[in-house]
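Asks: Fold the stuff below for me.
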Amino acid sequence: GSLPPVDDVTDPGPYAVTIDSTAGPGNDGWLVYPSNAGANGVDHPILVWGPGAGSDPADYEDMLRQWASHGFVVYSEVSSSSGDYMVDALDWLENQNGSPTSPLYQDLGISEVAFGGHSRGSIGTFDVATEPRLATTIHVAGGSFDGNGPDNLRKPALYIGGDDDFATSNMERDYTNTDVPVWFNILDNTDHILATRNGQHIITAWLRWQLADEEFRRTEDFLSANCTFCNLGEVEYKNW
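Replies: Here you go, the predicted structure:
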């Protein structure tokens with residue numbers, strides 16, 4: 001089943017949210033999900049989110065709740081520059097989908113998966129972007145250090161930076177080196193710390209387009225001169 005439609009991605013979605021802060025392969029991650037997951041036959045898409053260095057899922061709680069309220073099952077744990085933990089988390093989520101004791105038993109859309117993260121979480125996402133189960137990746141204030149991160153990309157990518165963020169120059173180099181479909185917004189009045197919070201609604205719309213098949217968002221929200229988010233900063237896109 002499809003996610004319930006929404007009028008405005010800047011508002012919370014229609015789902016109440018449950019948080020399990022002792023989840024994941026090591027019981028040290030956050031699982032943030034719709035409380036009535038699976039209602040009306042919905043298969044919930046998956047987002048695995050990597051926090052920035054020196055932070056943890058609690059620092060992103062309002063954003064994780066926002067995405068889960070829109071129907072996405074979100075998993076997050078302390079990140080590393082290696083994205084292996086993301087692949088392990090996805091394996092764990094697939095096991096949850098098949099376990100009758102899990103609150104997400106047979107409720108996950110395991111073919112609709114995004115990896116993404118902020119700063120170091122973005123670096124880790126580049127590291128494992130060849131993962132064949134992915135439908136998209138999300139990179140916030142986290143360009144690769146050598147410009148080679150985009151070489152791993154196989155699916156459409158979302159880049160979000162800030163006009164006052166030291167990492168934006170690396171992201172601009174990554175954008176130049178990206179060969180897959182990519183959409184890039186350098187947000188106005190945004191530094192490194194604020195990039196995810198200021199871009200969270202862009203991410204919501206991107207997830208609804210890429211994982212929930214809301215194709216109208218292609219033009220309305222992203223790929224047009226008057227797109228919903230084009231007035232938030234400098235926008236570039238290519239390879240569509």
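Asks: for the protein, what are the low-confidence residue spans?
Replies: Low-confidence segments of the chain (pLDDT under 70): none present.
Asks: For the residue nearest to the spatial centre of it, which residues count as its bridge partners?
Replies: By Cα atoms, centre = their mean, the chain has its centre lying nearest to Gly116, at 4.3 Å. Counting by DSSP bridges, Gly116 is bridged to Trp49, Ile138.
Asks: So it versus Gly50, what's the distance?
Replies: 7 Å (Cβ to Cβ, to the nearest Å). C-beta coordinates here come from the backbone N, C-alpha and C atoms, glycine included.
Asks: Looks like Ser2 contacts Asp213 (just checking).
Replies: Yes. With contact defined as Cβ atoms under 8 Å, Ser2 and Asp213 form a contacting pair (7.1 Å).
Asks: Tell me where the protein has helices.
Replies: Using DSSP state H, the helices of the chain run over 61-69, 84-97, 120-127, 168-176, 195-210, 217.
Asks: want to try CSV for those, with mean neighbour count as columns?
Replies: Output for the helices of the chain, formatted as CSV (neighbours: other Cβ atoms under 10 Å):
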stretch, mean neighbour count
helix 61-69, 21
helix 84-97, 18
helix 120-127, 27
helix 168-176, 20
helix 195-210, 23
helix 217, 20
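Asks: hmm, back to that, between Gly116 and Gly50, which contacts overlap?
Replies: Here Gly116 and Gly50 have Ser122, Thr125 as joint contacts, going by Cβ atoms under 8 Å, 6 or more residues apart in numbering.
Asks: ok, the residue nearest to Gly117 when sequence neighbours are not counted to Ile138 distance?
Replies: For Gly117, ignoring the flanking residues on the chain, the nearest one in space by Cβ to Cβ, 6 or more residues apart in numbering is Gly50 at 2.9 Å. Applying Cβ to Cβ, the value for Gly50 to Ile138 is 10 Å.
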